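Engineer: task: produce atomic coordinates for the following.
(chains A and B)
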Amino acid sequence: MKRTATILLGNPLSVLGLILVGFVVLTALLADFIAPYPDHAGAVVDFVNANKPPSAEYWLGTDVVGRDILSRIFYAYRVSLGLGIVVLSIATPIGVVVGLLAGYIGGWTDYILMRITDVFLSIPPLVLALAIMGLLEPTLLNGMIAVTAMWWPWYARLVYNIARAEKVEGYVLAAEIIGGGRMHVMFREILPNCVPAIVTKMTLDFGFVILIASSLSFLGLGVQAPTPDLGSMVSEGTRYLPDSWWLTVFPGAAILIAVFGFNLIGDVLREVLEPD
Amino acid sequence: MRILTRLSIRLATTVLVLFGVSVLIFLIARIIPGDPARIALGPRASEAQVEQMRRTLHLDEPLFAQYAHFVGDLFRGDLGISLYTNRPVTTDIAQFLPATLELVILAGIMMIAIGLPLGAISARYRGRWADHVIRVLTLMTVSAPSFVWAVVLVLLFSYYTPLFPIAGRIAETITIPPVTGFMLIDTLIAGRWDGFLSALHHVFLPAFALSLSGIGQAARLTRANMIGTYEQPYIEMAQAYGFSERRIAARYAFKPSLIPSLTIIGLDFAALLGNAFLVETIFAWPGLSRYGVGVILQKDLNAIVGTVMIISATFLIANLIVDLLVSVINPRIRYAERSE
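Structural biologist: Now for the predicted structure:
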């Protein structure tokens, strides 16, 4: 843990990543206090100040109904981060259990579980999420279900590959010989060795969940108005290109900042934790 | 293993996975709340009409029988009628899919043609400024959804400097009779060289926007693989022989790294197919995207199921092709074939 911190703070790229992620997390947490117009997160209409370019009063301009874009970005970060936490904390355990079972037990369990995983992996991720959202109602909760459904197979694959490699290692054999049960070997012996890879993947995926969620709402199938969301902000703004460029460029940049931050950290972590 | 055996195993797995996809889609389509017959007929239909519809759609039979009907229709190429356009789903998809595929294939070519060399340069100059610049840039391209890049590109190269058209597939003054649906091919069939150039001009910017994240992925992957290869003893041997760094990079480090890269690029094709939905919206590209989102918002069951099945099949076929390419390129597989 301490070693990881030293590494992250020693690399300029991960320091930049920590700064960006820190910015995103802080603005999301403190949105109520630092957003210039906290009430603009809801369904406020102010037509006098509608569609104004960036100014001293509205740093990033206002949208077509006169809401401050900066304030809406802060609140949208809150939604994005919440979504990321929920999706990953459901998808990761499912994927880990499937991967461990398939990798360690092997045989038919392996074959059936991994073919199911293949099925999920062979539908383009966004299309699977779209199909689920289409058949259910496009709400935030269903959005989470859709994104979770497309996410767990990647963890299953990851853990499966590690478990298969680890199960022939000496320490696993030793644990088996002294009478360790399947559950013990899987969760107490093999799982700890998967943790670095899982943590790295989660860091990178946090960014990608934000990215996919914004893509869904960009298509009008994710977070619904008036909840602020970066994807739907870009989508609304595209109708006013090129004159009202701030409507799309700033929310777009906000996505880039958040995802880039997580990717920078994840990238450095991967290089250090998985030296291969 | 003989290539034929290998091919038939891969083919069987593909069919098996496609079967799984059909079960999954079928199940999702059946567990949705609401009566499909009622949705199809609308709220004004009488109970008797709904009952009649339930019988036509086989909804009164057990789930297993329903699935059998579903697969039977699938084999006959019958995906049902779209409630959104009132035409057979296959007709709709046949109309919109070529435009999307044209975009995706061109983006795939860009991804390989730009991404692989970028990754190779990055690995060759590891730790130097070229490597740092490429790494940060490629990490940025994967850090924003393709619709953000589409907006940026359209602002910069269509509005502020009008180098590329804002929307459409071909200049409005040119009419090309559709044969394959691929504008780049149809213009050539019609012998319209000006049309071909116009179509290429129109498809370039959307394809580039679509390919950006793929370029980043391909470059990062190639870099990682090549760095792994550089640590192999035979590279040191080549250096000891005094071969030029350029030759070592191209002949000894790049080629072996190509094989794992290509395999993953096959997977990236899935991302391109999905992301095409996002890019098409910005460029008003007449592909599957508008249709797909339309049918989803309309809860058009047949069309949703059909679209997902077709896209997944396209993706699986693309992966199969990549796999075959890899086995042709990979000397280990090629020579194993000969020695048998």
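Engineer: can you list the low-confidence ranges for the chain?
Structural biologist: As the question left the chain open, I've gone with chain A. For chain A, residues meeting the criterion pLDDT under 70 lie at A:1, A:274-276.
Engineer: wait, chain B was what I had in mind.
Structural biologist: Those would be B:1-3, B:31-36, B:38-40, B:330-340, if you go by pLDDT under 70 across chain B.
Engineer: domains in it, by residue range?
Structural biologist: Domains of chain B are assigned by automatic domain parsing as B:3-75, B:89-330.
Engineer: winner for burial among these?
Structural biologist: Burial of the domains of chain B is given as mean neighbour count (mean count of other C-beta atoms under 10 Å in any protein chain shown); domain B:89-330 ranks first at a mean of 19. Where you see a C-beta, it was placed from the backbone N, CA and C, and this is true even at glycine.
Engineer: quick check: closest non-adjacent residue to residue 83.
Structural biologist: No chain specified, so I'll use chain A. Using C-beta to C-beta, 6 or more residues apart in numbering or on different chains and skipping residues adjacent in sequence, the residue nearest residue A:83 is residue A:213, 5.1 Å away.
Engineer: my bad, the chain I had in mind was chain B
Structural biologist: residue B:300 (4.6 Å).
Engineer: which residues does that neighbour contact?
Structural biologist: Listed by C-beta atoms under 8 Å, 6 or more residues apart in numbering or on different chains, the contact partners of residue B:300 are B:82, B:83, B:84, B:294.
Engineer: are any of the residues you listed buried, and which?
Structural biologist: B:82, B:83, B:84 (16 or more other C-beta atoms under 10 Å in any protein chain shown).
Engineer: tell me who's in contact with the first one.
Structural biologist: So the one you mean is residue B:82. B:88, B:89, B:92, B:295, B:300, B:302, B:303, B:306.
Engineer: how does it look with 6 Å?
Structural biologist: Taking C-beta atoms under 6 Å, 6 or more residues apart in numbering or on different chains, we find residue B:82 in contact with B:89, B:92, B:300, B:303.
Engineer: can you classify the last one by secondary structure?
Structural biologist: Okay, so that is residue B:303. On the three-state scheme (DSSP: H, G, I helix; E, B strand; the rest coil), residue B:303 is labelled helix.
Engineer: re the thing from before, among the contacts of residue B:82, which are located in strands?
Structural biologist: Per DSSP state E, strands hold no members of the contacts of residue B:82.
Engineer: quick check, nearest of these to residue B:45?
Structural biologist: When those are ranked by distance to residue B:45 (C-beta to C-beta), residue B:300 comes first, at 16.7 Å.
Engineer: where do the helices of the stretch 1-150 of chain A begin and end?
Structural biologist: Assigned by DSSP state H, counting those that start in this stretch, the stretch 1-150 of chain A shows helices spanning A:2-10, A:12-29, A:31-34, A:69-100, A:107-121, A:125-135, A:140-166.
Engineer: what about residue A:140, distance to residue B:138?
Structural biologist: Per C-beta to C-beta, to the nearest Å, residue A:140 is found 32 Å from residue B:138.
Engineer: nope, residue B:125 is what I was after
Structural biologist: Counting by C-beta to C-beta, the gap from residue B:125 to residue B:138 is 14 Å.
Engineer: for residue B:158, same thing?
Structural biologist: According to C-beta to C-beta, residue B:158 and residue B:138 sit 24 Å apart.
Engineer: do residue A:52 as well
Structural biologist: 36 Å.
Engineer: of the contacts of residue B:82, which pair is most distant in space?
Structural biologist: The widest separation within the contacts of residue B:82 (C-beta to C-beta) is 9.9 Å, between B:92 and B:300.
Engineer: on that earlier part again, and the buried ones among the contacts of residue B:300, which is closest to chain A?
Structural biologist: Taking C-beta to the nearest C-beta as the measure, residue B:84 is the one of the buried ones among the contacts of residue B:300 closest to chain A, at 11.5 Å.
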